[in-house]
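In: Sequence first, predicted model second:
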Amino acid sequence: MAHFIICYDIQDIKRLNRVRYYLQHHAMPLQHSIFLLTGTEQDFLRCMEKLSAEIHPKQDDLRGYRIPHSIPICRFGKGIFPEGIVWSEWPSIIGGEE
């Protein structure tokens, strides 16, 4: 399994809600418009294809990045999980309390 970051800046509230709804069911929210997808390259490409059909290419911005396993993830501040909840698939993190 690989990790992918998907982020967006959507101008229209209806398109924004469709993109957010889809991602909430297929990826882990990291911040308001940033999600972590764990899956295969095909999962990522299928997700990006679905999302690209929902956006307006001249008004919106949709991006996806593969995170190599060798790159540590740094996080500071509030975590995304409540205290005591641990996700075993979560990439290793430097600098935060997880």
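Out: Arrived safely. Quick caveat, the model's predicted, so the values are computed rather than measured. Residues are numbered from 1 along each chain as shown.
In: what about the helices in this protein?
Out: With DSSP state H as the criterion, the chain has helices at 13-24, 41-52.
In: Report how many residues lie close to the closest residue to residue 9 other than its chain neighbours.
Out: Spatial nearest neighbour of residue 9, chain neighbours left out: residue 61 (4.3 Å); criterion: C-beta to C-beta, 6 or more residues apart in numbering. From N, CA and C alone the C-beta is placed, and that goes for glycine too. Number of residues near residue 61 (other C-beta atoms under 10 Å) recorded here: 12.
In: Likewise for residue 44?
Out: Other residues near residue 44 come to 20 when the count uses other C-beta under 10 Å.
In: Equivalent analysis for residue 18, please.
Out: Each residue near residue 18 was counted by other C-beta under 10 Å, and the total is 17.
In: residues contacting the nearest residue to it once chain neighbours are set aside?
Out: Counting by C-beta to C-beta, 6+ apart, residue 18 lies nearest to residue 54, which is 4.9 Å off, once chain neighbours are set aside. Applying C-beta atoms under 8 Å, 6 or more residues apart in numbering, we find residue 54 in contact with 15, 18, 19, 22.
In: OK, contacts around the residue nearest to residue 9?
Out: Residue 61 makes contacts with 8, 9, 10, as judged by C-beta under 8 Å, 6+ apart.
In: what do you get for residue 55?
Out: 8, 10, 15, 19, 62.
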